[in-house]
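Chemist: build me a model:
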Amino acid sequence: MTAIVRPAPFLRQVLLLDAVVSGATGLLLLLGAGFLTGLLALPVELLRTAGLLLLPFVAFVAYIATRTPFSRAGVWAVIGVNALWVLTSIGLLLSGWVAPNGLGLAFIIAQALVVGLFAELQVVGLRRSFHP
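Modeler: Okay, the predicted model is just below:
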């Protein structure tokens, strides 16, 4: 089993899209937390922290996506972080630590679904990279 992947174009595109969407979300959460807290009924600290956490992730995903070839472990790390984000989002809702309004609930669920979709597409892209 090789540690280096010659990515299928699909995998590179999904990784780049993940970086763009995560970057936009991170900036929105970081810079717009004051506005979003009133709109979503989510703590401003949670929104800013989530936005701040996304920025190094974005840099890592962009780095992985722009290498030729790139590390299979790196792709799996991206997939793992995406899966962890989904689980954490679900855990947040189940914990009772936050009490979002309907729009806040929809936001948490929607972003978890999008991140989960990215993880699934990245798994598919990784498989395509080994079985074209």
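Chemist: can you give me the buried ones in the biggest helix by length in the chain?
Modeler: Once the chain is assigned using DSSP state H, the helix that runs over the most residues is helix 102-130. Residues of helix 102-130 classed as buried under the neighbour-count rule (16 or more other C-beta atoms under 10 Å) are 104-105, 107-108, 111-112, 114-116, 118-119, 121-123, 125-126, 129. Yep, even glycine has a C-beta here, placed from its N, CA and C like the rest.
Chemist: before we move on, what about stretch 57-68?
Modeler: Neighbour-count burial for stretch 57-68, counted by 16+ other C-beta under 10 Å, picks out 57-58, 60-62, 64-65.
Chemist: got JSON lines for these, with secondary structure and distance to S71 too?
Modeler: Shown next, in JSON lines, are the buried residues of stretch 57-68 (DSSP: H, G, I helix; E, B strand; the rest coil; distance: C-beta to C-beta, whole Å):
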{"residue": "F57", "secondary structure": "helix", "distance to S71": "16"}
{"residue": "V58", "secondary structure": "helix", "distance to S71": "17"}
{"residue": "F60", "secondary structure": "helix", "distance to S71": "11"}
{"residue": "V61", "secondary structure": "helix", "distance to S71": "12"}
{"residue": "A62", "secondary structure": "helix", "distance to S71": "14"}
{"residue": "I64", "secondary structure": "helix", "distance to S71": "7"}
{"residue": "A65", "secondary structure": "helix", "distance to S71": "12"}
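Chemist: same list (those) but as TSV, adding pLDDT.
Modeler: Compiled in TSV, those are given as follows (pLDDT from 0 to 100):
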residue	pLDDT
F57	98
V58	98
F60	98
V61	98
A62	97
I64	95
A65	94
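Chemist: sorry, back to before: packing partners of the longest helix of the chain?
Modeler: strand 4-5, helix 9-31, helix 33-40, helix 72-95 (3 or more C-beta pairs under 8 Å, 6 or more residues apart in numbering; DSSP states H and E).
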